[in-house]
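1. Sequence and predicted structure below; questions after.
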Amino acid sequence: MSPNRHSAALAVRDLRVEIRTREGIVRPVDGVSFDIRPGRTLGLAGESGCGKTVSALALMRLLPRGQARISGGSVLWSNGDGESVNLATAAEQEVRRLRGRRLAMIFQDPAAALNPVFTVGEQIAEVSRLHLGLSHGKAMRRAVSLLSRVGIADAARRAREYPHQFSGGMQQRAMLAMALAGEPGILIADEPTTALDVTVQAQIVDLLRGLQSEAGMGMLWVTHDLGVLAQVADEICVMYAGRIVERAGTRELFANPLHPYTQALLACVPRLHRPAGTGGIPGSVPTPAEVPPGCRFHPRCALSRRLAVELDAELCVNTQSGSVLRRCVDEVPALRPVGADHWVACGEVAS
Ligand SMILES: Nc1ncnc2c1ncn2[C@@H]1O[C@H](COP(=O)(O)OP(=O)(O)OP(=O)(O)O)[C@@H](O)[C@H]1O
Ligand code: SF4
Ligand SMILES: [Mg+2]
């Protein structure tokens, strides 16, 4: 195990991504900041289309080449031992040196990460050979042991099979084994359990938590499911339309959600004695090409509408979804501290 493995961290500051589309240049990630700390799990939550995957891919410098690029900000990887690299600007060769060994990613779609023409065992072994310098034989034995670690029965036989012979849940586990094969200090997991049934989901959650406390890995856990983050995350960033709208320790976020978007998301999480709100949040996440001015959540914000009803009509604007506060349309709310361990981007929340 690397001596630095316990102290790798990633500091993301004002990260911006541009994508070239037929409608012109869009910015699906527009000024995002957070920290992945050693031995801790940061949750990144938000509905579909909020920019979670684009953020994760940007951190790994895996954005589709020629189409998307990091247009601003920094992604500072450090090993706690004086070595640091800004992944936003580092040369491709330097990034490749770190990827797999220092930081690894589990993708939303396991089929995209597994190569159909090699056996699962060969693919996992290749990571250990490349990054840990193991011989072919040793790397294969390690691949079998990793497959068994991630809960695949009869791992020696399964290692000789191809990805298409694995079920979706097993492919997810194989991808996890591959990500762990380089002993990364930081793991970025994009919806690692979403496609799985509840039992397998719980097993993967347990497994990752166990591995993390054992190895001191820092994790970014990307999901639209706040229920999962309640179990796994130390801290949560809630993302909406390319920006972080609230950030707090997990316990604090669940006990005291302040942003109207977080409150609406939490109302959709089923609880023991309360069914989930039906239908989710009214309206939908804007595409990056059509983000509204001011607070990007204003067309869907119940608080802004409620305050508009209470206030003088002069302070309000009529929108498609009803009357909202003028300042919600005119001003871009900054993420600001509202308590220890708690930040929110809403002008209507008291400090
Ligand atoms: N290559 C691309 N070209 C054009 N638009 C893109 C591209 N990749 C992502 N987008 C757009 O950027 C926005 C953010 O996408 P992203 O995949 O990051 O969302 P997400 O939060 O991960 O959603 P989900 O929960 O569905 O995975 C979406 O509107 C998406 O359509
Ligand atoms: S700034 Fe206005 S629109 Fe945005 S979340 Fe706060 S109240 Fe709602
Ligand atoms: Mg995604």
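-> Structure received. Ligands and ions are numbered 1, 2, ... in the order given.
2. all helices of the protein, in order?
-> Assigned by DSSP state H, the helices in the chain fall at 52-59, 92-98, 110-113, 120-132, 136-149, 155-158, 168-180, 198-215, 226-232, 250-255, 260-267, 302-310, 326-330.
3. I'd like the ones you listed laid out as CSV, including mean pLDDT, distance to ligand 3 and mean neighbour count.
-> Just so you know, the C-beta spots here come from the backbone N, C-alpha and C atoms, and that holds for glycine as well. As requested, the helices of the chain are arranged in CSV below (pLDDT from 0 to 100; distance: least, C-beta to the ion, whole Å; neighbours: other C-beta atoms under 10 Å):
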stretch, mean pLDDT, distance to ligand 3, mean neighbour count
helix 52-59, 97, 3, 23
helix 92-98, 93, 21, 14
helix 110-113, 82, 12, 16
helix 120-132, 94, 23, 22
helix 136-149, 95, 25, 19
helix 155-158, 98, 28, 16
helix 168-180, 91, 15, 24
helix 198-215, 82, 17, 15
helix 226-232, 92, 14, 19
helix 250-255, 96, 20, 17
helix 260-267, 95, 15, 21
helix 302-310, 93, 25, 17
helix 326-330, 96, 27, 18
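4. Using CSV, lay out those helices together with distance to Ile36.
-> Below are the helices of the chain laid out as CSV (distance: least, C-beta to C-beta, whole Å):
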stretch, distance to Ile36
helix 52-59, 9
helix 92-98, 14
helix 110-113, 20
helix 120-132, 19
helix 136-149, 23
helix 155-158, 30
helix 168-180, 15
helix 198-215, 12
helix 226-232, 14
helix 250-255, 15
helix 260-267, 20
helix 302-310, 31
helix 326-330, 31
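5. Looking at those helices, spot the one closest to Asp341.
-> In terms of C-beta to C-beta, the element of these nearest to Asp341 is helix 250-255, at 5.8 Å.
6. Report the separation between the spatially most central residue of the chain and Thr250.
-> Most central in the chain under C-alpha atoms, centre = their mean is Val222, positioned 2.7 Å from the mean C-alpha point. Applying C-beta to C-beta, to the nearest Å, the value for Val222 to Thr250 is 15 Å.
7. Same question for Gly242.
-> Taken as C-beta to C-beta, the spacing of Gly242 relative to Thr250 amounts to 23 Å.
8. With respect to Val285, which of the helices of the chain lies nearest?
-> helix 260-267 (10.0 Å).
9. contact partners of that closest one?
-> Contacts of helix 260-267 with the rest of the structure, by C-beta atoms under 8 Å, 6 or more residues apart in numbering, involve 45-47, 226, 238, 240, 245-246, 253-254, 257, 277, 281, 297, 300-304, 346.
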